[in-house]
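S.K.: show me how the following folds:
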Amino acid sequence: MKNLIVMAIPGFIILLIAEFIVAYLQKKHDEYFDAKDTASSISMGIGNVLIGFVSKAMIPVALTFVFQFRFFTMPENAWWAWILCLLADDFSYYWFHRTSHSVRYFWASHVVHHSSQKYNLGTALRQTWTGNLSGSWIFWLWMPLVGFSPLMIMTMMSISLLYQFWIHTEVIKRLPKPIEFIFNTPSHHRVHHASDIQYLDRNHAGILIIWDRMFGTFVEENVHPTYGLTKNLETHNPLHIAFDEWGAVIKDVWKAPTFKAKIGYLFGPPGWSHDGSRKTSGQLRKEEKQKVKEDQNRIKQTELV
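M.R.: Got it, this is the predicted structure:
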């Protein structure tokens with residue numbers, strides 16, 4: 001099967017250049033772009049492709065193995081089977097993506113994509129080097145059981161990644177409401193890349209935003225997002241970007257005082273700590289709500305006086 005992502009690389013570069021030209025004409029290029037940031041994103045993308053020639057080989061092997069035990073067989077020449085495959089793939093991607101924000105083991109690979117403090121098409125190329133090696137593909141293993149062939153699954157996975165490239169931009173603001181309601185758009189995905197507390201761990205969609213609406217993780221873009229991490233890396237070194245969180249995980253697990261704490265540092269949510277010295281996104285959001293509530297009560301008391 002042809003690698004659709006590799007074939008699309010020239011298109012990625014052309015669109016990235018076009019985006020910069022549009023941003024320059026809008027006098028927004030300094031706001032949207034940083035040369036070192038974009039260079040590190042492209043470096044991460046190149047590394048992902050090169051490592052992927054080896055690491056992605058395990059995916060068709062795993063899918064083919066599971067496909068032997070399928071309950072049904074979806075016809076590859078039927079249009080409706082491909083529609084079902086799109087829905088199944090997108091559903092799988094949503095739960096993979098959501099889990100990558102709630103389980104540190106998966107976050108250690110996914111954090112790479114969120115490490116840029118800019119938001120442009122170059123950011124879409126900032127991809128993990130360890131995702132396949134750490135087993136991110138396990139979220140798709142149910143699909144061959146219900147009859148989708150490895151060819152269908154891997155084709156749809158590539159189509160999903162291709163779709164998600166164009167939504168990494170600030171040049172496109174809002175699209176017509178029906179599109180914004182059903183599909184993942186630049187507006188929805190800007191929220192996902194934000195480090196603002198109200199936006200943390202929201203809008204995990206791949207192609208269809210309906211999953212976030214259904215499972216309570218959707219947030220509308222209201223204020224302009226602040227991009228990056230709650231604690232940014234402050235480096236453009238690709239090796240540091242690729243492995244920083246894995247190093248932190250190993251360090252935390254090694255120093256953890258109990259076995260339970262070791263498990264927590266590995267499979268707990270990002271920001272979890274055994275002594276409460278760090279905060280998860282859920283804790284940060286809870287504290288923010290409490291602060292807002294206290295401010296509102298303070299204002300009411302002032303008005304009464």
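
S.K.: kindly export stretch 116-130 (C-alpha atoms) in PDB.
M.R.: C-alpha atoms of stretch 116-130 as PDB (Å, rounded to 0.1, in the frame of the first residue of the first chain):
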ATOM      1  CA  SER A 116       4.800  24.500  20.000                       C
ATOM      2  CA  GLN A 117       3.800  28.000  21.200                       C
ATOM      3  CA  LYS A 118       2.700  29.000  17.700                       C
ATOM      4  CA  TYR A 119      -0.200  27.600  15.800                       C
ATOM      5  CA  ASN A 120       0.200  27.200  12.000                       C
ATOM      6  CA  LEU A 121       0.400  24.400   9.400                       C
ATOM      7  CA  GLY A 122       4.000  23.800  10.600                       C
ATOM      8  CA  THR A 123       2.600  22.800  14.000                       C
ATOM      9  CA  ALA A 124       0.700  19.900  12.200                       C
ATOM     10  CA  LEU A 125       4.000  18.500  11.200                       C
ATOM     11  CA  ARG A 126       5.300  18.400  14.800                       C
ATOM     12  CA  GLN A 127       4.700  14.700  15.300                       C
ATOM     13  CA  THR A 128       5.800  12.100  17.900                       C
ATOM     14  CA  TRP A 129       8.800   9.800  17.300                       C
ATOM     15  CA  THR A 130       7.600   7.300  19.900                       C
END
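
S.K.: so how far is it from its chain's centroid?
M.R.: Mean-position distance between stretch 116-130 and its chain equals 10 Å (Cα atoms, centre = their mean, to the nearest Å).

S.K.: averaged pLDDT, it. What do you get?
M.R.: The pLDDT scores in stretch 116-130 average 97.

S.K.: okay, buried residues for that stretch please.
M.R.: 116-130 (16 or more other Cβ atoms under 10 Å). Backbone N, C-alpha and C define where each C-beta goes, glycine included.

S.K.: which stretches in the stretch 51-200 of the chain count as helices?
M.R.: Using DSSP state H, counting those that start in this stretch, the helices of the stretch 51-200 of the chain run over 58-67, 79-102, 104-114, 121-124, 142-145, 150-165, 177-182, 186-192.

S.K.: give me every residue that touches the residue most central in space within the chain.
M.R.: Nearest to the geometric centre of the chain sits residue 97, at 5.6 Å (Cα atoms, centre = their mean). Taking Cβ atoms under 8 Å, 6 or more residues apart in numbering, we find residue 97 in contact with 110, 204, 205, 206.
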